[in-house]
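> next input, structure requested:
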Amino acid sequence: MPDAKQTRKDSAATPDLFRDGLAVLGNLFAASQTYASGISHYTTGFYFPFLLATQYFQRVEALRLLEKPPAESLTAYLGLLENNIELMARSLKGSADVMATFARNEADSLAAAMQQVFFEGNPAKLARFTSRQAELLDLVVNVYPKAIAAIAPEYGFHFERGEHVLTDETDRFYLYRIVPSLPTVETRADAKPILIIPPYVLGANILGFLPGEHRSYAHCFANQGFPTYIRILKPIDANPALQTMDGDDDARDARRFCEKIMKAHGKQVTLNGYCQGGFNALCNLLCGELDGLVDAFITCVSPMDGTRSKGLARFLARLPQRFNDLAYGTKTLPNGNQVADGQLMGWVYKLKSIEQEIPAAAFYRDLLMFARQSGGNRQINKTAAALNYWLQNERYDLPLEVTRISFASYKTPITADGTLPVRLFGRQLNLKRLKEKQIPWLICYGLQDDLVEKETALAPLDFIDAEVAPFPKGHVAIATSWSSPHSACALHTRFGDGDYRGPVRYHMDLDAELDKARQQVIAASKPLPAASMPSAAPAAPKTAKKAPQTRKPSPQTGSTAGRKPTQPAAGKKKKAEQTAKAAPAMKAKPKARRAKPAGPSSRRQPK
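Alright, predicted model coming up:
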């Protein structure tokens, strides 16, 4: 009997081993197919801008090779080769590091599965391990992209829905007033207004990240009741005025919008620039076009002196001077106007951080994101989906002359006396002008920002005083992580060991100071009470002169009550009877006359 039981167990175990073995093979096949699809997809997204760059490079070099001496061209190409080899080495190292991190994360499970196979002859754990890998790959390659696409209705402002108020427009920009996302909040028309200037390349929607999740930089101001305005670029492909725009046009449009806002709310504007928009806003302030319209300034992760950048400036400096030219990133539109290619500009940022942005590194980083989630139910975070949607879709072409302004700030440092390397309206732009105009400035930066480093954002402190607010995390954390009102560094609070003020808190305090000053002016303009005024005694005769205005009898009433009768004797008895009948009414009459001067209605009552 024991032998029969053992035989039945062995016969039952055989199908399990066979099933697990087939499962391992099926999982490996599915995983390899999905892996190949995923790597090709990530590679395509990275190398498409590379093909654009190659096209622009060939177009420019076809002319320059004929114009430049052969020795100069050889030197430039050797320098470019050296730069490319350095980029390749960094990309290989970055890919290997992330792949090694993923392997370490999965090593224990794989070792346990192989141990069971070799020592027990049982592939059950290996079947579960390979099934997990296939699920992870399917999640990254198939499910995650669908979640990214599905976040589109929740991400950004969606001005096409008509929820926000179109206040004004020029040939180049729209001016919208952001409506609060909280239904219980109403915009206070008498509050201090703020105008937000978004970056050109990265777009404005990152500042309206996920309003439904209460993660939106612009809504942080609007939900406090402040009139919150944002300047939005018109579609550059359809607006020639935007294609040919320069820094002077930017300043003129900013002045027009500030005038409109100030007229609507009766207070000067707080100007707030994010990233590249902060540098453009600074130029607009320093040129004098916004004098009398702006009385406070806020910048967030804005590159003020790009030459101090450890990443992007170093990348540009390594390029041979011949190729460090905007001509290699210029797109010619069908109408003949030239603009800076936004996709290529975004790709340059990826090259700067190629260790993290090379396709293999990005692919394994996303695998790690899901692999580290505990439990079988892996969640796709809305924040991660929206960030990836922004990275994949929010890249815009920008005017060539505006690009030159930013490009100059990364090639030429601020001078020793605080003068910027650009001009507007032919005027020098010096940082010390803000001090002369007594415009307070809050500079917000990211402690782990590798795009606009601390040194780049805080460069103005070498020339003028400004308040600073260091935020944890990277370049867009202020607009994403910390825009949540419940976060540790919420924008409307003070935070950190330095009791730093977030940009919304800073604006709230400015508004409170204005209200306090207004109340003081109102209190000072009120007349003092009569008892405390030295001239109170002579005012008594004036009050006596006003007495005739409230005298009790009117002419008609006086003729009835106070005049002696002149009627014939035969009518005296009749008159006496009329007087007796009117006595009750006459008894109540004096009280009514004391409360109100006699008028036409009171003259009718005695009758």
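
> tally of neighbours for residue 323?
18 (other C-beta atoms under 10 Å). Placement of C-beta: from N, CA and C, glycine included.

> list the contacts for it?
Applying C-beta atoms under 8 Å, 6 or more residues apart in numbering to residue 323 gives the contacts 76, 80.

> give me phi/psi at it?
Main-chain dihedrals, residue 323, degrees, to the nearest 10: phi -100, psi 0.

> and the gap between it and residue 105?
Computed as C-beta to C-beta, to the nearest Å, the residue 323 to residue 105 distance reads 40 Å.

> where does this protein have low pLDDT?
Applying pLDDT under 70 to the predicted model, the residue ranges of the chain that meet it are 1-15, 375-377, 528-607.

> ok, 80 please
Within the chain, the stretches with pLDDT under 80 are 1-16, 18, 311-317, 374-379, 525-607.

> tell me, what residue is most central in it?
What sits nearest the mean C-alpha location of the chain, by C-alpha atoms, centre = their mean, is residue 207, with 2.5 Å.

> using the three-state scheme, assign it.
Residue 207 falls in the helix class when you classify it by DSSP: H, G, I helix; E, B strand; the rest coil.

> tell me if I'm right that it and residue 198 touch.
Yes - using C-beta atoms under 8 Å, residue 207 is in contact with residue 198, at 5.6 Å.

> mind listing the shared neighbours of the two?
Among the neighbours of residue 207, those also in contact with residue 198 (C-beta under 8 Å, 6+ apart) are 230, 274.

> outline the domain layout of the protein.
As given by automatic domain parsing, the domain ranges for the chain are 11-150+342-396, 159-311+397-520.

> need the winner for burial among those domains.
Burial among the domains of the chain, expressed as mean neighbours by mean count of other C-beta atoms under 10 Å, is greatest for domain 159-311+397-520, which shows a mean of 19.

> C-alpha coordinates for stretch 44-64, PDB please?
Output in PDB follows, covering the C-alpha atoms of stretch 44-64 (Å, rounded to 0.1, in the frame of the first residue of the first chain):
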ATOM      1  CA  THR A  44      13.000  55.600 -31.500                       C
ATOM      2  CA  GLY A  45      11.900  58.400 -29.100                       C
ATOM      3  CA  PHE A  46      15.600  59.300 -28.400                       C
ATOM      4  CA  TYR A  47      17.000  59.000 -31.900                       C
ATOM      5  CA  PHE A  48      14.300  60.900 -33.900                       C
ATOM      6  CA  PRO A  49      15.700  64.300 -32.700                       C
ATOM      7  CA  PHE A  50      19.100  62.800 -33.600                       C
ATOM      8  CA  LEU A  51      17.900  62.400 -37.200                       C
ATOM      9  CA  LEU A  52      16.700  66.000 -37.200                       C
ATOM     10  CA  ALA A  53      20.100  67.200 -35.900                       C
ATOM     11  CA  THR A  54      21.800  65.300 -38.600                       C
ATOM     12  CA  GLN A  55      19.700  66.900 -41.300                       C
ATOM     13  CA  TYR A  56      20.400  70.400 -40.000                       C
ATOM     14  CA  PHE A  57      24.100  69.600 -39.600                       C
ATOM     15  CA  GLN A  58      24.400  68.500 -43.200                       C
ATOM     16  CA  ARG A  59      22.500  71.500 -44.500                       C
ATOM     17  CA  VAL A  60      24.800  74.000 -42.700                       C
ATOM     18  CA  GLU A  61      28.100  72.100 -43.300                       C
ATOM     19  CA  ALA A  62      27.300  71.800 -47.000                       C
ATOM     20  CA  LEU A  63      28.000  75.600 -47.200                       C
ATOM     21  CA  ARG A  64      30.600  76.000 -44.500                       C
END
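
> got the contact list for the residue nearest to the residue nearest to the centre of the chain when sequence neighbours are not counted?
In space, and not counting its chain neighbours, residue 207 is closest to residue 217: 4.4 Å by C-beta to C-beta, 6 or more residues apart in numbering. Under the criterion of C-beta under 8 Å, 6+ apart, the contact list for residue 217 reads 196, 206-209, 274, 300, 478-479, 483, 491.

> residue 88: which of these is nearest?
Taking C-beta to C-beta as the measure, residue 88 lies nearest residue 206 of the contacts of residue 217, at 30.9 Å.

> which phi and psi does the residue nearest to residue 454 when sequence neighbours are not counted have?
On the basis of C-beta to C-beta, 6+ apart, the spatially nearest residue to residue 454 that is not a chain neighbour turns out to be residue 445, at 5.5 Å. For residue 445, the backbone dihedrals are phi -140, psi 160 (criterion: degrees, to the nearest 10).

> any idea how far residue 311 is from residue 445?
Residue 445 sits 14 Å away from residue 311, taking C-beta to C-beta as the criterion.

> residue 470 against residue 447, yeah?
Yes - with contact defined as C-beta under 8 Å, residue 470 reaches residue 447; the gap is 5.4 Å.
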